[in-house]
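A.B. asks: sharing a model prediction with you, sequence too.
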Number of protein chains: 4
Amino acid sequence: MRSLGFIGLGRMGTPMARRLLQAGHRLTVHNRTRSKAEALVAEGAQWADSPRAVAQASEVVFMMLADSQASEAVLTGPEGVLAGAREGLIVVDMSTIAPAVSRRLAEQAARQGVTMLDAPVSGSVGPATEGTLTIFVGGPREAFEAVRDLLGILGRDIHYVGENGMGCAVKLAVNLILGISIQALGEAFALGARAGIPPARLWEILSDLAVISPSLRNKGGKIVQGDFAPSFALRLMEKDLGLIVEFGRQVGASTPLAAVAQQTFLAAREHGWAEADYSAIAAWLLDQRPPNAG
Amino acid sequence: MRSLGFIGLGRMGTPMARRLLQAGHRLTVHNRTRSKAEALVAEGAQWADSPRAVAQASEVVFMMLADSQASEAVLTGPEGVLAGAREGLIVVDMSTIAPAVSRRLAEQAARQGVTMLDAPVSGSVGPATEGTLTIFVGGPREAFEAVRDLLGILGRDIHYVGENGMGCAVKLAVNLILGISIQALGEAFALGARAGIPPARLWEILSDLAVISPSLRNKGGKIVQGDFAPSFALRLMEKDLGLIVEFGRQVGASTPLAAVAQQTFLAAREHGWAEADYSAIAAWLLDQRPPNAG
Amino acid sequence: MRSLGFIGLGRMGTPMARRLLQAGHRLTVHNRTRSKAEALVAEGAQWADSPRAVAQASEVVFMMLADSQASEAVLTGPEGVLAGAREGLIVVDMSTIAPAVSRRLAEQAARQGVTMLDAPVSGSVGPATEGTLTIFVGGPREAFEAVRDLLGILGRDIHYVGENGMGCAVKLAVNLILGISIQALGEAFALGARAGIPPARLWEILSDLAVISPSLRNKGGKIVQGDFAPSFALRLMEKDLGLIVEFGRQVGASTPLAAVAQQTFLAAREHGWAEADYSAIAAWLLDQRPPNAG
Amino acid sequence: MRSLGFIGLGRMGTPMARRLLQAGHRLTVHNRTRSKAEALVAEGAQWADSPRAVAQASEVVFMMLADSQASEAVLTGPEGVLAGAREGLIVVDMSTIAPAVSRRLAEQAARQGVTMLDAPVSGSVGPATEGTLTIFVGGPREAFEAVRDLLGILGRDIHYVGENGMGCAVKLAVNLILGISIQALGEAFALGARAGIPPARLWEILSDLAVISPSLRNKGGKIVQGDFAPSFALRLMEKDLGLIVEFGRQVGASTPLAAVAQQTFLAAREHGWAEADYSAIAAWLLDQRPPNAG
């Protein structure tokens, strides 16, 4: 049994934290909105009033937050993790953030004797609940070895990919394919629909073809039914595409499709689809109208 | 046993024609370059000096040509299929051409009592050889029923999708996803490589993920090895992306990713990758250099 | 005094035909919709019932039509110009059409002893009325010399640019810059507006800067006022961008901005802006809504 | 006579600082590389070893730096401007940086009683030398009034555009048009060249047209001659396009052309054109090869 902390109890964080708790570890949790922690506390987790307090109570702190700004604030703020960290603490940031920010935060943590790992995940609420996420880990290898068992509670395929920031880099490469693929499917539906083949009929034909990935297969039927209940919000995919383009700028990689997909997702985000599932990009492409616009 | 014709004996056409021959039908063949027909003739096919002569000898003529211009020339030229067609002939054009051209040719044929079907295929040389292509058929349903058994020799999944041109429309929707997906993979490789993860390592991580379609899985390892022996030439994918964008214009469907992918494939085509496999777009994205540019 | 013909009496064609008439030439006119010819007939032009009849009455026939299809139909149809042409006729096609079509039509005409020039124009209704168009001419130089005086009635800057199709090629290069520039201005307005600077204020600042071309200066104030009365319809700019991308494909030139602008204009076209001035792309970019959508 | 500071003595900063000195003000200067300050020191400026020391000696400090990171470091670093600032200091940051960073730095400065203005400029070395820059100013109006006379030494058209960050926002809107326009010209040259019209000939035709802005007119002839001596480096335009796309994300403005132009400039930057003038994008588009690649 180890003393663990978990900060960020959203759609992904909550089932992940629950798995750590159910595995028998002592778990201290914090979330910006306290109410989201209630279920976990009822199940045995400790509430802490700040990231700082989480750090004081933990050997390993997990973070699952929305973006680079959130990771930075939770880590380095006056009531942040580093303010409460003893030397030797390991912080596993599972958020999808900019690789450059991840690296910078790791350097800042290291100056206080805190070791960071970036460990963003691929997979959505289902795999988070079942512990079958894919996890991409960057940071010092010894720290990775020290938390490998814990990561094994959360995910099935766990890839150590290099120094700090590289976990985020690989995650962005994955989401680049994911975001572009779903828009490609949306463009195919739009093309078909305007040509006279309704999406439902086109999907019957497409769904078994080799061009359709398991991710797309999972989404196509829902798109056809107009079911955009979010497992991964469109605004978050837009955010990731923004990170991809910016990261491409930094390392010198051309990503023209990512750049254009980011523009499409941005337009959809601004027209009412922000909180819908990212697959709603297909609905936006079909007629470039807000949800429920008749 | 029926009297069949086959025009266009390229990488795809030859194994397709062979399957028809091996199924026991009488087969008359023609190709712009005669030498490509020799093997089939040795196996029992009849050579004809022109599309016109093929039509004179056949109840059903199959065409598998490079582009809209070729289909039009072979069909309507002075020595073309229509010049030799008796009433009742069925022409099955399996080329991937512009839906509008397909429809126009069908109208022209109909004025002579010839029925056309557009029946482009998904799948490459392997499935063409094994008779496991996917086929999208547009045109009069009775004509489709009349040749269904023949199509069954060539493909496994055979989708009747509507009036003339709709087979081509569906095929374009499929290749839209195929072309964009492969570029997405190429962008992911480029991003990773510049960030310090070699393609081979990234592919180990990516290849099992749900974002990877069977089509991509088939290509990723070859990309990593630099094996771009063509099963579907890059210039043909560029051509299809051009058809997609133009078709989108006609029917009013926005296809921004297809438009940008077409530009990328065009640049690759112009820099020496035209005859390589379309997956060579990944090599182009990696450093925007011609093949063997050191 | 020469016997001239003019086919295509739209927004541009009518003032151009009028200038030829007023210069003292005998003028025979035809238009798909006869009513548009009435004013000119009242001023002294002869009406002809077909392009064929125009050709029979003329030494030089001018055409000012909407697109490649129209030029082809008017020239080669059963009641077309070539059907009525005597040897030695010069046809000056001032329409903006695909260079490849222009070249093909010229070859077809030449087989009948008819010489074609492609002579598309830059400039809108104002310059058409004042005879200050810029004209780009492709085709045999002797034919150009033979009609130079007539072109001088219509335009001020007259550029002979090479063989058939090259006039259209240069025109497309010009409209590439025009279409992209106006979208750039629209994107600047959108960026400013979302950041809190209303277009009217931004335009006060921008309008005198060196980045603003005379074409943009002419449009900016109207955009700010929401005045999109068409001098050049948005759907025609979309058409030209489509021609540009297709022409780029043929000659092997990458035009990524043109490809993306075409997508934007297409979306605007499909959402109610087709007949507005092309500068309405700025209104579309501002909030991606149809005209009068509140 | 006022005590002024100037930090950042690059291609733009040096002539700007010189104008302030020649106008009779006491000037303290600092630059990362000291040698670049020597000429100004010889002309009467004082050298200071750090931004902090500049601030200690000045009522108003001007900054002209490369990017957001540089502005932040020079302002907030341990030897930065704020470390040496007395209350009431006005800092005029003329760098082109992210509006969000500009706003954040202004807030941080305000907490120390220092007032910031963002005042990026339009115009290159020539106007900087002649004092004819266009200046876009964001920040508290009183501070603007207090330095208006000084800005008048540097620029001719001085636009007060609103709160902190808005100067940068307007500057980005201007460079959006500038960057996209030059790529449009490059695409036109590429299209023409592949179609058989050499850039020099095409430029003869284009240069007088209404689609050509003064900025383009200034560049076209140099592009034709292959003269890419930098007045504004291509890598800086790439940077600005990156800022534009990121700013668009933040405020919710779609800027598809800017996104694609950024990708093109990025590719050119990575292939040897980083330090060339930004108009070298035309050379890149022509054949997508590094400089001097034969």
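C.D. replies: Nice, I can see it. Because the structure is a prediction, the values reported are computed rather than measured. Numbering: from 1, shown residues only, chains lettered A, B, ... in the order given.
A.B. asks: around chain D, pick out the residues from chain A.
C.D. replies: Counting by CB under 8 Å from any CB of the partner chain, the residues of chain A close to chain D are A:238, A:242, A:245-246, A:248-249, A:252, A:254-256, A:259-260, A:262-263, A:266-267, A:269-270. Every C-beta, even on glycine, is put in place using the N, C-alpha and C of the backbone.
A.B. asks: now do the phi/psi pair for the residue most central in space within chain A.
C.D. replies: For chain A, the residue nearest the mean C-alpha position is residue A:96 (4.9 Å; CA atoms, centre = their mean). Summarising the backbone geometry of residue A:96 under the convention degrees, to the nearest 10, its torsions are phi -90, psi 110.
A.B. asks: contact partners for residue A:213?
C.D. replies: If you count contacts by CB atoms under 8 Å, 6 or more residues apart in numbering or on different chains, residue A:213 has them with A:181, B:181, B:210-214, B:216.
A.B. asks: wait, residue A:105
C.D. replies: Residue A:105 makes contact with A:71-72, A:75-76, A:93, A:116, according to CB under 8 Å, 6+ apart.
A.B. asks: do that again at 7 Å, thanks
C.D. replies: Residue A:105 is in contact with A:71-72, A:75, A:116, counting by CB atoms under 7 Å, 6 or more residues apart in numbering or on different chains.
A.B. asks: what segments of the stretch 1-150 of chain A are helices?
C.D. replies: Counting by DSSP state H, counting those that start in this stretch, the stretch 1-150 of chain A has helices at residues A:13-22, A:38-42, A:51-56, A:68-76, A:81-84, A:99-110, A:125-130, A:141-154.
A.B. asks: can you list those in JSON lines and add mean pLDDT and distance to residue C:162?
C.D. replies: Written out in JSON lines, the entries for the helices of the stretch 1-150 of chain A read as follows (pLDDT from 0 to 100; distance: least, CB to CB, whole Å):
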{"stretch": "helix A:13-22", "mean pLDDT": "98", "distance to residue C:162": "66"}
{"stretch": "helix A:38-42", "mean pLDDT": "98", "distance to residue C:162": "75"}
{"stretch": "helix A:51-56", "mean pLDDT": "98", "distance to residue C:162": "70"}
{"stretch": "helix A:68-76", "mean pLDDT": "96", "distance to residue C:162": "54"}
{"stretch": "helix A:81-84", "mean pLDDT": "97", "distance to residue C:162": "69"}
{"stretch": "helix A:99-110", "mean pLDDT": "98", "distance to residue C:162": "51"}
{"stretch": "helix A:125-130", "mean pLDDT": "95", "distance to residue C:162": "62"}
{"stretch": "helix A:141-154", "mean pLDDT": "98", "distance to residue C:162": "65"}
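A.B. asks: nearest to residue B:19, of these?
C.D. replies: For residue B:19, the closest of the helices of the stretch 1-150 of chain A is helix A:125-130, at 42.8 Å, according to CB to CB.
A.B. asks: how long is stretch A:162-169 end to end?
C.D. replies: Length of stretch A:162-169, first residue to last, CA to CA, to the nearest Å: 10 Å.
A.B. asks: and stretch A:86-99, by the same measure?
C.D. replies: From the first residue to the last, stretch A:86-99 extends over 25 Å; the measure is CA to CA.
A.B. asks: in the longest strand seen in chain A, which residues are buried?
C.D. replies: The residue-count maximum for a strand in chain A (DSSP state E) belongs to strand A:155-162. Residues of strand A:155-162 classed as buried: A:155, A:158-162 (neighbour count, 16 or more other CB atoms under 10 Å in any protein chain shown).
A.B. asks: over to stretch A:236-251?
C.D. replies: Along stretch A:236-251, these residues count as buried under the neighbour rule (16+ other CB under 10 Å): A:236-249, A:251.
A.B. asks: where are the low-confidence patches of chain A?
C.D. replies: In the prediction, chain A carries residues with pLDDT under 70 at positions A:293-294.
A.B. asks: how does it look with 90?
C.D. replies: Per-residue confidence for chain A (pLDDT under 90) gives these ranges: A:1, A:124, A:231, A:287-289, A:292-294.
A.B. asks: how are the strands of it distributed by residue range?
C.D. replies: When assigned using DSSP E, the strands of chain A occupy the ranges A:3-7, A:26-30, A:46-47, A:60-63, A:90-93, A:115-118, A:121-122, A:133-138, A:155-162.
A.B. asks: got these as a markdown table, with distance to residue B:284 columns?
C.D. replies: Written out in a markdown table, the entries for those read as follows (distance: least, CB to CB, whole Å):
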| stretch | distance to residue B:284 |
| --- | --- |
| strand A:3-7 | 43 |
| strand A:26-30 | 48 |
| strand A:46-47 | 54 |
| strand A:60-63 | 38 |
| strand A:90-93 | 35 |
| strand A:115-118 | 30 |
| strand A:121-122 | 27 |
| strand A:133-138 | 26 |
| strand A:155-162 | 25 |
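A.B. asks: export those to JSON lines and append columns for distance to chain C.
C.D. replies: Output for the strands of chain A, formatted as JSON lines (distance: least, CB to the nearest CB, whole Å):
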{"stretch": "strand A:3-7", "distance to chain C": "33"}
{"stretch": "strand A:26-30", "distance to chain C": "34"}
{"stretch": "strand A:46-47", "distance to chain C": "40"}
{"stretch": "strand A:60-63", "distance to chain C": "31"}
{"stretch": "strand A:90-93", "distance to chain C": "31"}
{"stretch": "strand A:115-118", "distance to chain C": "32"}
{"stretch": "strand A:121-122", "distance to chain C": "30"}
{"stretch": "strand A:133-138", "distance to chain C": "31"}
{"stretch": "strand A:155-162", "distance to chain C": "32"}
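A.B. asks: contact partners for residue A:166?
C.D. replies: A:138, B:196-197.
A.B. asks: re earlier: neighbours around the residue lying closest to the residue nearest to the centre of chain A once chain neighbours are set aside, how many?
C.D. replies: The shortest distance from residue A:96 to any residue other than its chain neighbours is 4.5 Å, reached at residue A:120 (CB to CB, 6 or more residues apart in numbering or on different chains). For residue A:120, the count of nearby residues is 27 (other CB atoms under 10 Å in any protein chain shown).
A.B. asks: is chain B within reach of the longest strand of chain A?
C.D. replies: Yes - where contact is defined by CB under 7 Å from any CB of the partner chain, part of strand A:155-162 touches chain B, namely A:157, A:159, A:161-162.
A.B. asks: what's the separation between residue A:78 and chain B?
C.D. replies: To chain B, residue A:78 is 33 Å away according to CB to the nearest CB, to the nearest Å.
A.B. asks: ok, now residue A:131?
C.D. replies: When distance is defined by CB to the nearest CB, residue A:131 is 16 Å away from chain B.
A.B. asks: need phi/psi at that residue.
C.D. replies: Note on residue A:131: its backbone torsions stand at phi 70, psi 30 [degrees, to the nearest 10].
A.B. asks: quick one: it and residue A:153 touch, right?
C.D. replies: Yes - in this structure residue A:131 lies within contact range of residue A:153 using CB atoms under 7 Å: 6.0 Å.
A.B. asks: residues shared between the contacts of these two?
C.D. replies: Taking CB under 7 Å, 6+ apart as the contact rule, residue A:131 and residue A:153 both touch residue A:19.
A.B. asks: per the annotation, how does chain A divide into domains?
C.D. replies: A:3-163, A:169-287 (automatic domain parsing).
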